[in-house]
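Enquirer: this is a predicted model, with the sequence first.
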There are 2 protein chains.
Amino acid sequence: MTYGDALTVLADPTRRRVFERLRAGPHAVNAIAAGLPVSRPAVSQHLKALKAAGLVQERSEGVRRIYSVRREGLAELRDWLDSFWGDALQAFKQEAEKPSAKKRSR
Amino acid sequence: MTYGDALTVLADPTRRRVFERLRAGPHAVNAIAAGLPVSRPAVSQHLKALKAAGLVQERSEGVRRIYSVRREGLAELRDWLDSFWGDALQAFKQEAEKPSAKKRSR
DNA sequence: ACACTTTGTAAGTCTCCACTTACGGTAAGT
DNA sequence: ACTTACCGTAAGTGGAGACTTACAAAGTGT
């Protein structure tokens, strides 16, 4: 059920921008907050949420905290999407092959 | 920017259950609402949101509205995830190959 | 014409959460 | 030791949205 956490966390636009910022590589909190329209504590809270969802990982480097993407967190969400794909296709074929059983009252 | 809409819409657990219900195939609103812990109007609102995000499509059959999954809506989200994958990998390699230069305060 | 079914929408309530400011803790430089 | 930089957390606030009930519209059967 972790893909649900990923979806919940990635729903917020600002948090998504934080996450996308890490796509280019690991960054410290200050660097991430620079250029974003919110305060630095807000970014810290977003990173905390992302970490709780398993989407990022943290590494200490002196007084700095370097955050980077954790790909395994994305994997579960990706699998969920893929499962959707196949099932939807199969269901569509089933629907197309169905002769004319549309009378489904009661 | 449509993948953002998909993420926003799929963040809600109830709405996700509605969407997953359609994975098995097209269904009318009543059939979807049955078994869910919310009222039928709530399901209608969720379906409206899913449709606005391009994740489902609607087909009228008499007085019923049959909803089904729209795979193109998922495609953009999938591409976004994939782009993340590659970029994160590339960034990781770059980081690994980097000697220990580029340290500002060192 | 009437009753029933199926669904969408309006209006209102209430909970959740993203954000801010303020503060505390830790590391590094002088 | 003092100062400065970097960061996380606490507390409080405002706004978004998920849900409910009530109502209206459109199709179907008798």
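Expert: Yep, it's here.
Enquirer: by mean pLDDT, flag the weakest helix or strand of chain A.
Expert: Across the helices and strands of chain A, mean confidence by mean pLDDT, DSSP states H and E is lowest for helix A:71-97: a mean of 73.
Enquirer: OK, contacts around residue A:28?
Expert: Residue A:28 makes contact with A:61, A:64, A:65, A:66, A:67, according to Cβ atoms under 8 Å, 6 or more residues apart in numbering or on different chains. The way it works is simple: take the backbone N, C-alpha and C, and place the C-beta from them, glycine included.
Enquirer: for the nearest residue to the second one once chain neighbours are set aside, what are phi and psi?
Expert: The one in question is residue A:64. The spatially closest residue to residue A:64, leaving aside those adjacent along the chain, is residue A:28, at 4.5 Å (Cβ to Cβ, 6 or more residues apart in numbering or on different chains). Backbone torsions for residue A:28, taken as degrees, to the nearest 10, come to phi -80, psi 170.
Enquirer: would you check how far apart residue A:28 and DNA strand D are?
Expert: For residue A:28, the distance to DNA strand D (Cβ to the nearest atom of the strand, to the nearest Å) stands at 3 Å.
Enquirer: report the separation between that residue and residue A:42.
Expert: Using Cβ to Cβ, to the nearest Å, residue A:28 is found at 16 Å from residue A:42.
Enquirer: what's the answer for residue A:34, then?
Expert: From residue A:34 to residue A:42 the distance is 13 Å (Cβ to Cβ).
Enquirer: pLDDT below threshold where in chain A?
Expert: For chain A, the stretches with pLDDT under 70 are A:1, A:86-106.
Enquirer: and the residue nearest to residue A:12 when sequence neighbours are not counted, how far from residue B:49?
Expert: Spatial nearest neighbour of residue A:12, excluding adjacent residues (Cβ to Cβ, 6+ apart): residue A:46 at 7.4 Å. Going from residue A:46 to residue B:49 by Cβ to Cβ gives 24 Å.
Enquirer: among these two, which residue is more densely surrounded?
Expert: residue A:46 (24 against 18; other Cβ atoms under 10 Å in any protein chain shown).
Enquirer: contacts made by the helix or strand where the residue nearest to residue A:12 lies with the rest, please.
Expert: Residue A:46 belongs to helix A:40-52 when assigned by DSSP states H and E. Residues outside helix A:40-52 that contact it (Cβ under 8 Å, 6+ apart): A:5, A:9, A:12, A:14-15, A:18-19, A:29-30, A:32-33, A:36, A:56-58, A:67.
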